[in-house]
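Student: The following comprises the amino acid sequence and a computationally predicted model.
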Amino acid sequence: MVIGSSTSSNTRSLCQVAASMGVKSYLIGGPSEVTDEILAGASVIGVTSGASAPEEQVQMVLDELKRRGASDVEEVTVRDEDVAFVLPRELVSMKRQLRMAASV
């Protein structure tokens with residue numbers, strides 16, 4: 001299960017990667033979209049989320065799976081990420097100019 005918006009290219013890509021590995025994949029927006037059809041025949045369920053999916057939404061899906069009988073939840077870290085995004089130079093320059101203009 002990939003939790004996120006169907007309009008998110010990141011989320012859709014996660015589903016496509018799972019499917020390309022031969023795994024049934026489902027893009028869901030939240031716990032109300034966990035269905036008997038999705039769970040039918042599953043002995044292991046992987047859950048991930050798109051970058052913009054709120055952690056609360058992920059926890060609510062996990063709670064729904066537990067409510068439906070999931071008894072063993074294991075958190076797996078595939079890779080620790082420490083990516084930092086910096087503003088482009090142009091925006092840093094504009095921000096500096098705006099601050100200077102505001103202080104005059």
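Tutor: Done, it's in. This structure is a prediction, so every number in the text was calculated from the model and none was measured.
Student: which parts of the lengthiest helix in the chain are buried?
Tutor: The single longest helix within the chain, with elements called by DSSP state H, is helix 89-103. By neighbour count on 16 or more other CB atoms under 10 Å, the buried set for helix 89-103 is empty. For glycine as for every other residue, the C-beta is placed from the backbone atoms N, C-alpha and C.
Student: How about stretch 57-67?
Tutor: Neighbour-count burial for stretch 57-67, counted by 16+ other CB under 10 Å, picks out 57, 58, 60, 61, 62, 64, 65.
Student: follow-up on the earlier one: what does the longest helix of the chain rub up against?
Tutor: Residues outside helix 89-103 that contact it (CB atoms under 8 Å, 6 or more residues apart in numbering) are residue 87.
Student: How far off centre is it?
Tutor: 34 Å (CA atoms, centre = their mean, to the nearest Å).
Student: Kindly report the same for stretch 36-52.
Tutor: 13 Å.
Student: what does stretch 71-81 give?
Tutor: Using CA atoms, centre = their mean, the offset of stretch 71-81 from its chain centre is 13 Å.
Student: any idea how far residue 11 is from residue 76?
Tutor: Taking CB to CB, to the nearest Å as the measure, residue 11 falls 19 Å from residue 76.
Student: do the same with residue 46
Tutor: Applying CB to CB to residue 46 and residue 76 gives a distance of 8 Å.
Student: what do you get for residue 86?
Tutor: 30 Å.
Student: got it, and residue 15?
Tutor: Counting by CB to CB - residue 15 and residue 76 are separated by 18 Å.
Student: Tell me which of the two has more neighbours.
Tutor: Taking neighbours as other CB atoms under 10 Å, residue 15 and residue 76 compare with residue 15 leading, 20 against 7.
Student: now that one, what's its secondary structure?
Tutor: With DSSP: H, G, I helix; E, B strand; the rest coil as the basis, residue 15 sits in helix.
Student: okay but it is in contact with residue 26, surely?
Tutor: Yes. Here residue 15 reaches residue 26: they are 7.4 Å apart, a contact under CB atoms under 8 Å.
Student: which residues do the two both contact?
Tutor: Contact criterion CB under 8 Å, 6+ apart; residues shared by residue 15 and residue 26: residue 2.
Student: where are the low-confidence patches of the chain?
Tutor: 83 (pLDDT under 70).
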